[in-house]
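>>> coordinates only, sequence not included:
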């Protein structure tokens, strides 16, 4: 081969190597920069998990139509299995966004109209007011303006049969509206009813519809509408904070509230879902909804602090979810097309006080503050206020419980000495016995009896047991101890009174000297 050809080939090969080297260098620099940015996120998550005592957490970050970060942290269960991006978690009220998406699919297929009354699809639908029953529309359910209250009773149902969703909606016939139709009021009952509309109009169980029309096209292979299926695929064990420390808790799966708060998914699958939400309903080459439909779901109506299935609406779209032992949050910027999903396997009622984002309208949880912070880090924005944090809130709670327990212990310790002194003086008059006995009864029996009445008659008490077991069991133990103390004091007062009247106790003689 002539030398000039060899020289030409050498030059071309060298140029190719240089170009490839430059490309590789650029990719390396870009990767290093990305890893540097993700390292800050990783450090933030690790630190928050440690201070908040979160057993396990799953994170997904999406930019445009790509998953840019996916990681599991900590333990999925007490045996120490690590959380992975494929580990399923119950996602709480993030489930509402799936139900809203399902409704809009039926709207776009011409099977449901937003402003049609609910009774068009569920002719038997009723609330306590017959006239109001006929006025509630599908749109009212979507944006929480139906007037329906938060119904605790159905949240406590543990039935697992296929008819429990319909029974939960039929239960509303005895429920009075909490506010006028058209005014905002967050209620799971809205989304239970929407889930039943999806089921009735589609002719499929709600679970099957979501699996076939949302999970399948979005390749959400570790997402489930059944706890049993999720457990077979490594579902994380739920925990509850007891006095700030996570304790494993296996609680009933509430199928009646499935469309409102009990779907199960993983970080990897929720990344697919986020991509569809930020890209006009498209994931890869599939579409689950039109861009107009997606925009409608994410946009709040005038004067209503809620979108249609999504929490606060634009500019940042978000939704939180919490059951008694799981929590999850989604935050994304539809303009910048950057989104974050975080799920954790621990929860309690105090967590609602731990974030600066808490309000009377929406529960605020640890993952909510973390998701917004990760979104800020991913978009090079300053971190938002981190709030008190669950660790500090738990510490305040623990100190308060310790102080009140200390007061009770001190009162018990002082009781023998007080009654020895009283026995020396005696109780000679019925009026004094009645006065002292009345104070003892008021201090020792009034609030324990009120607590017993609440525990026996108020459904929210059982919900509080699920969400804040440390408080409820501590209150119950204190109530029992205070009642016992009161009974002993009454018995001592009566004994002193009898002994005094029988002359067994000499009355002290007081002088002016």
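Perfect, thanks for sending it. Since the structure is predicted, the reported quantities are computational estimates derived from the model, not experimental observations.
>>> for the closest residue to residue 441 other than its chain neighbours, helix, strand, or coil?
Distances taken as CB to CB, 6 or more residues apart in numbering put residue 486 closest to residue 441, at 6.8 Å, once the chain neighbours are dropped. The way it works is simple: take the backbone N, C-alpha and C, and place the C-beta from them, glycine included. Of the three states, residue 486 takes helix according to DSSP: H, G, I helix; E, B strand; the rest coil.
>>> let's number from 29 now, not from 1
Sure thing, new numbering starts at 29, so read that last one as residue 514.
>>> which pLDDT value belongs to residue 514?
pLDDT recorded at residue 514 is 97.
>>> low-confidence stretches in the stretch 429-541 of the chain?
532-541 (pLDDT under 70).
>>> switch the cut-off to 50
Scanning the stretch 429-541 of the chain for pLDDT under 50 picks out the ranges 534-541.
>>> burial count for residue 491?
Residue 491 has 17 neighbours, counted by other CB atoms under 10 Å.
>>> now it: closest residue in space that isn't a chain neighbour?
Once flanking residues are discounted, residue 491 sits nearest to residue 180: 5.7 Å by CB to CB, 6+ apart.
>>> ok, the closest residue to residue 374 other than its chain neighbours - contacts?
Take residue 374 and drop its neighbours on the chain: the residue closest to it by CB to CB, 6+ apart is residue 267, 4.0 Å away. By CB atoms under 8 Å, 6 or more residues apart in numbering, residue 267 lies in contact with 83, 274, 275, 276, 277, 353, 373, 374, 375.
>>> buried subset of the residues you listed as a ChimeraX selection?
Burial among these is assessed by 16 or more other CB atoms under 10 Å; the matching ChimeraX selection reads:
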select :83,274,275,277,353,373,374,375
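>>> what's the closest of the contacts of residue 267 to residue 168?
residue 375 (29.3 Å; CB to CB).
>>> how close does that closest one get to residue 393?
Distance from residue 375 to residue 393, counting by CB to CB, to the nearest Å: 7 Å.
>>> can you check which residues contact both of the two?
In contact with both residue 375 and residue 393: 350, 355, using CB under 8 Å, 6+ apart.
>>> what strand or helix carries residue 349?
Using DSSP states H and E, residue 349 sits in strand 345-350.
>>> tell me who's in contact with residue 475.
Residue 475 touches 507, 510, counting by CB under 8 Å, 6+ apart.
>>> could you redo the last one with a cut-off of 7 Å?
Neighbour list for residue 475: empty [criterion: CB atoms under 7 Å, 6 or more residues apart in numbering].
>>> wasn't it part of a helix?
Yes. Under three-state DSSP, residue 475 sits within a helix.
>>> the closest residue to residue 461 other than its chain neighbours: neighbouring residues, count only.
Leaving out its chain neighbours, the residue that sits closest to residue 461 by CB to CB, 6+ apart is residue 525, at 4.9 Å. Neighbourhood size, residue 525 [other CB under 10 Å]: 20.
>>> how about residue 67?
10.
>>> helix, strand or coil for it?
Following three-state DSSP, residue 67 is assigned to helix.
>>> what's the pLDDT at it?
Predicted confidence (pLDDT) for residue 67: 95.
>>> distance check, it against residue 74.
10 Å.
>>> give me the element residue 268 is part of.
Per DSSP H and E: strand 267-270 holds residue 268.
>>> check residue 97 too.
strand 94-102.
>>> buried residues in that strand, which are they?
Those would be 95, 97, 98, 99, 100, 101, 102, for strand 94-102 by 16+ other CB under 10 Å.
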